[in-house]
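J.: Fold the following.
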Amino acid sequence: MKCPACNGEIGRFELSPNCKHCGVNIFYSQQKDLLAHDAKKCELEYAGFRILVSKLKTAFIGGPIPILRIVSMLLAIGAIFIPFATVSTDVSLFSSQVSFGAWGIYSAFTDGTFGALFNLIDYLPAQAGVCFALLALIVVIFLVGFAVFVCLLLSFTNIIKTAKIMRGLSVAGMALCVGACGLSIYVPYAMGKGGFLQGDTGFGAFACVLVFAMIFVLNHLVIKKKIQPQIKEVDLKRVELNKKVKAGEVSIDDLPLPVFETEEEREARLAKEVESKALVEKAKGGEALE
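T.: Numbers count the residues shown, from 1 in each chain. Take a look at the predicted model:
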């Protein structure tokens with residue numbers, strides 16, 4: 001065994017708590033080294049956590065624009081539930097209605113109502129084609145909205161890049177919604193040709209256009225204002241050095257304590273040391289007077 005302070009050899013059966021070479025307390029010296037090791041490890045690893053928190057805060061709650069982006073996604077979820085159009089039939093012994101919105105489509109699939117639309121292909125192909133075209137548009141709009149939602153969740157990884165993707169997706173969403181608006185307006189005229197079918201225009205497509213326009217504007221502002229997380233340069237250095245420590249390129253025991261520090265942290269540490277020395281001197285002065 002070697003002394004942690006002077007590196008002198010200590011015999012196996014030497015039970016004294018102090019080193020015979022330098023007189024230092026071996027136990028407390030070892031504890032000091034362990035605490036220094038843990039402090040340096042905490043400094044390096046906590047830097048990555050601070051960077052992550054800064055990115056999350058900037059992406060989601062770092063001002064009115066990120067907050068409004070979250071609100072826009074909630075509005076998009078609500079808009080897809082508003083019926084784009086409604087097709088109904090009411091003949092003797094049978095009546096049915098299909099609402100072309102998220103909930104209406106789900107209900108139609110679960111209760112088998114959509115099976116009747118497939119029967120229309122043989123008898124009223126034009127009316128069935130309008131219904132399936134509107135259904136296809138709604139599905140694609142939903143997929144585009146879902147892609148925007150995923151980008152928003154991942155926006156903390158790269159705020160500007162994801163904002164550009166969301167801006168492009170919102171343009172595609174607006175174009176699809178405009179097409180859905182045209183179809184929803186056409187539904188009453190198309191269904192009227194069948195005699196026993198009736199169609200009504202809903203407001204879901206118009207609401208989706210407004211929501212996608214809002215998403216476009218908000219992400220354009222993110223890009224224009226270059227919203228980025230405020231990350232300290234020393235934290236980036238700590239993360240880079242921590243990677244080298246984990247890879248075995250650098251030994252954490254060879255690093256100084258603190259490993260890195262900002263000017264503010266350095267001033268605060270020096271002030272604390274001066275204050276501690278002043279308290280020690282004051283205590284010594286009091287003992288001398290006694």
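
J.: what residue ranges in the chain score low on pLDDT?
T.: Applying pLDDT under 70 to the chain flags the ranges 1-32, 90-95, 112-123, 193-196, 280, 282-290.

J.: just the helices in it please.
T.: 26-56, 64-81, 102-111, 114-123, 125-153, 159-192, 204-225, 233-247, 263-289 (DSSP state H).

J.: just the angle between the fifth one and helix 64-81, please?
T.: Calculated by axes from the mean of the first three to the mean of the last three C-alpha atoms, to 10 degrees, helix 125-153 forms an angle of 150 degrees with helix 64-81.

J.: ok, and for helix 125-153, which residues are buried?
T.: For helix 125-153, burial by neighbour count (16 or more other C-beta atoms under 10 Å) applies to 127-128, 130-131, 134-135, 137-138, 141-142, 144-145, 148, 151-152. To be clear about C-beta, it is placed using only N, CA and C from the backbone, and glycine gets the same treatment.

J.: Show me what counts as buried in stretch 76-95.
T.: So for stretch 76-95, counting by 16+ other C-beta under 10 Å, buried means 76, 79-80, 82-87, 89.

J.: Reformat the residues you listed into CSV and put distance to residue 246 next to each item.
T.: CSV is the format used below for the buried residues of stretch 76-95 (distance: C-beta to C-beta, whole Å):
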residue, distance to residue 246
76, 41
79, 46
80, 45
82, 51
83, 55
84, 53
85, 58
86, 60
87, 61
89, 67
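
J.: Looking at these, which is nearest residue 47?
T.: Nearest to residue 47 among the buried residues of stretch 76-95: residue 76, at 35.9 Å, using C-beta to C-beta.

J.: so that closest one makes contact with residue 208?
T.: Yes: with contact defined as C-beta atoms under 8 Å, residue 76 reaches residue 208; the gap is 7.3 Å.

J.: Now list whatever residues contact both of the two.
T.: Counting by C-beta atoms under 8 Å, 6 or more residues apart in numbering, the residues touching both residue 76 and residue 208 are residue 145.

J.: in stretch 215-225, what counts as buried?
T.: 215-216, 218-219, 221-222.

J.: scratch that, stretch 226-237
T.: Buried residues in stretch 226-237 (16+ other C-beta under 10 Å): 227, 229, 232, 234-235.

J.: and if you look at stretch 164-180?
T.: Within stretch 164-180, the residues scored as buried using 16+ other C-beta under 10 Å are 164-167, 169-170, 173-174, 176-177, 179-180.

J.: follow-up on the earlier one: mind listing which of the buried residues of stretch 76-95 are in strands?
T.: The strands, defined by DSSP state E, take in 85-87, 89 from the buried residues of stretch 76-95.

J.: Closest one to residue 266 out of those residues, please.
T.: Nearest to residue 266 out of those is residue 85 (C-beta to C-beta; 66.8 Å).

J.: Who is the closest one paired with across the strands?
T.: residue 201 (DSSP bridges).

J.: dump the residue contacts of it.
T.: Neighbouring residues of residue 85 by C-beta under 8 Å, 6+ apart: 100, 134, 183-184, 187, 199-202.

J.: these two touch, right, residue 163 and residue 216?
T.: No: judged on C-beta under 8 Å, residue 163 makes no contact with residue 216 at a distance of 10.4 Å.

J.: and the closest residue in space to residue 222 that isn't next to it in sequence, what does it touch?
T.: Closest residue to residue 222 apart from its sequence neighbours, by C-beta to C-beta, 6 or more residues apart in numbering: residue 163 at 4.2 Å. Taking C-beta under 8 Å, 6+ apart as the contact definition, residue 163 lies against 155, 219, 222-223.
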